[in-house]
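Enquirer: Here is the input, now give the coordinates:
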Amino acid sequence: MKQTITSLIMLLACLLPQTVWGQYPTYTANGVTWKFALVSGGAEIRGETQGATSFSGALNIPDVVQYNGNNYTVKAIVSYAFNNYVHATSVTIPNSVGFMGYGCFTGSGITSVTLPNNSSLKLESSIFNGCAQLTHITIPDALSPENFEYMSHWKASPFQGCTGLQNVTIPNHWTRLPKWFVVDCNNITSFALPASITKIGDFAFYQCQNLTHIDASAATHLTEIGKRAFSYTALTEAVVPEGLTTVGDSAFMFCKNITAVTIPNSITYLGEGAF
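Expert: Residues are numbered from 1 along each chain as shown. I've put the predicted structure just below:
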């Protein structure tokens with residue numbers, strides 16, 4: 001009986017994924033050996049084998065990994081997977097990825113990123129926090145503001161604290177800026193609102209301390225500014241064009257460089273402490 005139980009345990013050890021025993025499977029693709037775990041419907045990337053201090057070069061995430069002769073679609077990148085990869089130069093994420101975990105590229109040295117063009121993508125907060133070399137991000141057309149408001153871990157955007165970020169290019173079909181859009185991105189000094197924008201979400205530019213100018217000349221259909229959307233910025237002029245109907249609570253709170261505001265006749269709601 002004892003021998004039978006021992007044999008069963010050894011058989012299970014061979015059949016179960018390595019992650020059960022604390023060691024992740026690996027797969028080499030795009031010049032990198034990736035660590036991954038099998039999950040429902042595919043696999044999640046958990047890092048690579050060289051480690052943050054030794055790795056150098058591009059992080060081109062594969063769309064498929066292999067395990068025991070089978071292919072598994074890469075569905076996610078876990079939280080902190082590439083935390084402090086200071087010698088990483090760029091990131092390309094395949095369209096198969098539908099989830100990017102909290103802080104998964106925090107403090108990395110990347111200068112460019114290609115996000116997945118996946119309409120079901122869920123982005124956690126602070127994904128690019130502390131990425132001092134990442135100056136520009138283009139958001140793929142398949143993504144919507146909702147993709148950037150998932151935030152199960154913390155109420156902040158994927159770009160929160162991206163210290164190098166100067167500009168974000170959004171799809172032409174967006175009609176609003178997401179909540180917490182570029183909060184704490186202190187290298188953003190100006191932003192031009194596209195013609196399609198009708199609403200600026202709550203906390204959209206919150207604590208962008210060097211933001212001095214918003215160009216709303218093209219946004220002729222802008223009707224709503226969310227609460228604290230521009231709080232603690234360096235704006236010199238409030239964004240209150242004719243046609244605006246709603247200014248949320250504390251929308252321009254502690255914007256100390258704004259000296260005068262002209263309220264348009266179209267305003268129907270002016271939040272508490274808006275200015």
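Enquirer: The nearest residue to residue 253 once chain neighbours are set aside and residue 193, how far apart?
Expert: Spatial nearest neighbour of residue 253, excluding adjacent residues (Cβ to Cβ, 6 or more residues apart in numbering): residue 231 at 4.4 Å. C-beta here means a position set from N, CA and C on the backbone, and glycine is covered the same way. With distances taken as Cβ to Cβ, to the nearest Å, residue 231 is found 18 Å from residue 193.
Enquirer: pull the CA atoms of stretch 195-212 into PDB?
Expert: Below are the C-alpha coordinates for stretch 195-212, written out as PDB (Å, rounded to 0.1, in the frame of the first residue of the first chain):
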ATOM      1  CA  ALA A 195     -12.400  67.500 -31.500                       C
ATOM      2  CA  SER A 196     -14.300  64.300 -30.500                       C
ATOM      3  CA  ILE A 197     -14.000  65.000 -26.700                       C
ATOM      4  CA  THR A 198     -17.200  65.900 -24.900                       C
ATOM      5  CA  LYS A 199     -16.100  65.000 -21.300                       C
ATOM      6  CA  ILE A 200     -13.000  65.100 -19.200                       C
ATOM      7  CA  GLY A 201     -13.100  62.400 -16.600                       C
ATOM      8  CA  ASP A 202     -12.700  62.800 -12.800                       C
ATOM      9  CA  PHE A 203      -9.100  63.300 -11.700                       C
ATOM     10  CA  ALA A 204      -8.000  63.200 -15.400                       C
ATOM     11  CA  PHE A 205      -4.900  65.500 -14.900                       C
ATOM     12  CA  TYR A 206      -4.900  65.400 -11.100                       C
ATOM     13  CA  GLN A 207      -1.500  66.500  -9.700                       C
ATOM     14  CA  CYS A 208       0.200  67.000 -13.100                       C
ATOM     15  CA  GLN A 209       2.100  69.700 -11.400                       C
ATOM     16  CA  ASN A 210       3.800  71.200 -14.500                       C
ATOM     17  CA  LEU A 211       0.700  71.200 -16.700                       C
ATOM     18  CA  THR A 212       0.300  74.900 -17.700                       C
END
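Enquirer: Give the buried residues for it.
Expert: 197-208, 211 (16 or more other Cβ atoms under 10 Å).
Enquirer: Also stretch 49-60?
Expert: 52, 55, 59.
Enquirer: what is the last one paired to in the beta sheet?
Expert: Which is residue 59. For residue 59, the beta-bridge partners are residue 91 (DSSP bridges).
Enquirer: ok, residues contacting stretch 184-198?
Expert: 135, 156, 159-167, 170, 172-177, 182, 200, 205-216, 218-224 (Cβ atoms under 8 Å, 6 or more residues apart in numbering).
Enquirer: and if we set it to 6 Å?
Expert: 159-162, 164-166, 174-175, 182, 207-216, 218-219, 221-223 (Cβ atoms under 6 Å, 6 or more residues apart in numbering).
Enquirer: residues touching the residue positioned nearest the centre of the chain, list them.
Expert: When Cα atoms, centre = their mean is applied to the chain, the residue found nearest the centroid is residue 158 (2.4 Å). Listed by Cβ under 6 Å, 6+ apart, the contact set of residue 158 reads 123, 127.
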